[in-house]
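Colleague: generate a structure from the sequence data that follows.
(2 chains)
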Amino acid sequence: MSHLGDRLSALVDGELGGAELDRAHAHLAGCEPCRAEAAELRALKRKLRGLLDGAPAEAAMTRRLIAMTGPGGPVPPRRRLLRVVPGRRPAKPATGPVSSRPGPGPTAEPRSAFRPRPSARRRRYLVLGTVSLVVGLGTAAFTVGGGGDAAPGPRITPPVEMYSVEHAITTGEVPFPGPAVGPSSAPSSPDGPPP
Amino acid sequence: MAAALVIALPGLLISACSSQSGSGAAGGADAVTAAGRATVGRAALASRRPEAARAVRLLSQAAQAAIVTSYQGQEVVTRWSAGGGSVLVSSIWHVSGGQTVTQTMDAGASVSSQPYLSSDTDSQSPEGVLGVTAPLVQLLESHYVVAYAGTGSADDRTAQVVEAWRDDGSIAARFWFDDATKLPLERVVFDTASHVISQDVLIDVSFANPAALPQQAAPASARVSADPQGPWTGPLRRHQLLGLRARGWQVPSGLPGGLSLYTGARTQAGTGTVLDLGYSDGLSMVSVFEQRGNLPATLPGWRKTKVNGHVVFAAEPDQRSLTWSGRGMVYTVVADAPAQTVEAVVGALPHDGPTGFWKRMSRGITRLASWANPFH
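Modeller: I've put the predicted structure just below:
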């Protein structure tokens, strides 16, 4: 459990400033769990940035997307995955437009069709990886999203005495800085207070 | 009749007595008792209307008298709620057209406050006594049916009695104004069930011009607390306050219980601008203080409680002030109003709801995306 709570995320994001930042640093200096959590959050942040740096350039991705959706051109058919029962050869090579991309030629087709195991393994890895990514990101999002709205702004302790005086001046009353509260001593007549 | 109030407090016994009698429209010696119990129909209210003009005139005179009359005395403020009673005794000095000094008694060990001075010297605040000020009198006349109720006595002085009635025929308040000076001497406020919820009495009143205000003689530990964090800029007019909405402030034009926005002020605290919004119907008074920021997880001197389904902090020991944060703003409500009104007011202002699973996930994804954004 973080002692800094949602301020830890704000600290990692560089959203804290002034006295709040000093207080957070002072707490980190003496709190091992918070230091560890801050280090984890920073590492997570670095990894996320690293993922984005390794992704294809945005401009290239945009060009490809535009090329796919541009007017006039035929929509390329979806590539059909070949289902092959192990030990059985296909009666004849697959025909028709398998892919819009230039392939290795008709002679290469049977060779790829006879490699089912790596494909299935790849699929399993893909599913496993996707599930891990979703679970990991979900856990990270749940962790990071905790601790209230963390709206920016200072921590306020209302100066109740100042407010009481201002209220009194505004309303033409005497200030009520800290009245005594005793047991209910209300008169019991109808003129008295509610029971 | 004689109404006696005795409140026992740890280390303090306060006895505030006032003798009241009515001989006018309120119906003589039984006026207080009868009015406390009774509700009258619209026909009865209509019969009071001929006295309304006189009541309006008396109220205006009283608001003016609170400014132009030099006086000194003791003010005993008593509040009742379902949780118990509270009482405060203050010495009050006022110089005609000038300074008002209030020194609250140290009421024994049960009160943590030191002797307390407040000073209103800038002539910008609506000076008044027992909540009778010109703006509040206007609100009173627009929200209630006011009627002259004859003569009575308060603090052994002859007084003119004015009553305020609700539209449903129940009595809302009764005022006693000094016959000679028109200074308010007593005010009793009733809830909708005709129970007394507050009684303010001015006793030991003298009208001599005080030779010297006691501020100079105040003990060193006493604080002049009118503006401990800087002067309030105000009063701001209603249209000025409503204009603050464009800058992100929450400024409702009215609050539940028929409370109208009638004044406001602003000050600069160390943690930012504080806005004070004053709401009233002439009797109930609610100040809403707003400041951008959030509350800390714990507040020493405050107790976590639930009001109208919302978790708020209540100032100990009187719980007259409530505070919470919502949508990046800290709200503090200081109220002299029935509990039902306070609950409705708290419900009408913004709060942060409980964080649900999807809201938390959404916030987390947004935060993660902001981390991955190289342009962030």
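Colleague: okay, now the sheet partners of the strand or helix carrying residue B:279, with direction.
Modeller: Under the criterion of DSSP states H and E, residue B:279 resides in strand B:272-280. Using DSSP bridges, strand B:272-280 pairs in its sheet with strand B:259-269 (antiparallel), strand B:285-292 (antiparallel).
Colleague: which one of those strands lies closest to residue B:76?
Modeller: The closest of the strands paired with strand B:272-280 to residue B:76 is strand B:285-292. By CB to CB, the value is 18.1 Å. For the C-beta atoms, the positions are set from N, CA and C on the backbone; glycine is no exception.
Colleague: quick one: the longest helix along chain A near chain B?
Modeller: With DSSP state H setting the assignment, residue counts place helix A:116-144 as the longest helix in chain A. Yes: for helix A:116-144, a contact with chain B is found by CB under 8 Å from any CB of the partner chain, at A:137-138, A:140-144.
Colleague: and that helix, what does it pack against?
Modeller: Here helix A:116-144 touches helix B:357-372, going by 3 or more CB pairs under 8 Å, 6 or more residues apart in numbering or on different chains; DSSP states H and E.
Colleague: distance from the chain centre to the helix it packs on, please.
Modeller: 44 Å (CA atoms, centre = their mean, to the nearest Å).
Colleague: ok, now stretch B:341-360?
Modeller: Using CA atoms, centre = their mean, the offset of stretch B:341-360 from its chain centre is 25 Å.
Colleague: what does that stretch contact?
Modeller: Stretch B:341-360 has contacts (CB atoms under 8 Å, 6 or more residues apart in numbering or on different chains) with A:142, A:145-146, A:148-149, B:250, B:252, B:255-257, B:259, B:279, B:284, B:286, B:288, B:307-310, B:312, B:322, B:324-327, B:329, B:331, B:333, B:335, B:337, B:363.
Colleague: equivalent analysis for stretch A:13-31, please.
Modeller: Residues contacting stretch A:13-31 (CB under 8 Å, 6+ apart): A:3-4, A:7-8, A:10-11, A:34-35, A:38, A:152, A:154-155, B:367, B:370-371.
Colleague: quick one: which of those is nearest to residue A:129?
Modeller: For these, the closest approach to residue A:129 (CB to CB) belongs to residue B:371, at 21.1 Å.
Colleague: ok, so what distance separates the closest residue to the closest one other than its chain neighbours from residue B:175?
Modeller: Leaving out its chain neighbours, the residue that sits closest to residue B:371 by CB to CB, 6 or more residues apart in numbering or on different chains is residue A:45, at 4.3 Å. Distance from residue A:45 to residue B:175, counting by CB to CB, to the nearest Å: 65 Å.
Colleague: these two: who's more crowded?
Modeller: Each of residue A:45 and residue B:175 has its neighbours counted (other CB atoms under 10 Å in any protein chain shown); residue B:175 has more, 28 against 19.
Colleague: mind listing what the more buried one touches?
Modeller: Going by CB under 8 Å, 6+ apart, residue B:175 touches B:59, B:62, B:130, B:132, B:161-164, B:184, B:186-187.
Colleague: try it again at 10 Å.
Modeller: Residues near residue B:175 by CB atoms under 10 Å, 6 or more residues apart in numbering or on different chains: B:55, B:58-59, B:62, B:130-132, B:140, B:146, B:149, B:154, B:159-164, B:184-189, B:200.
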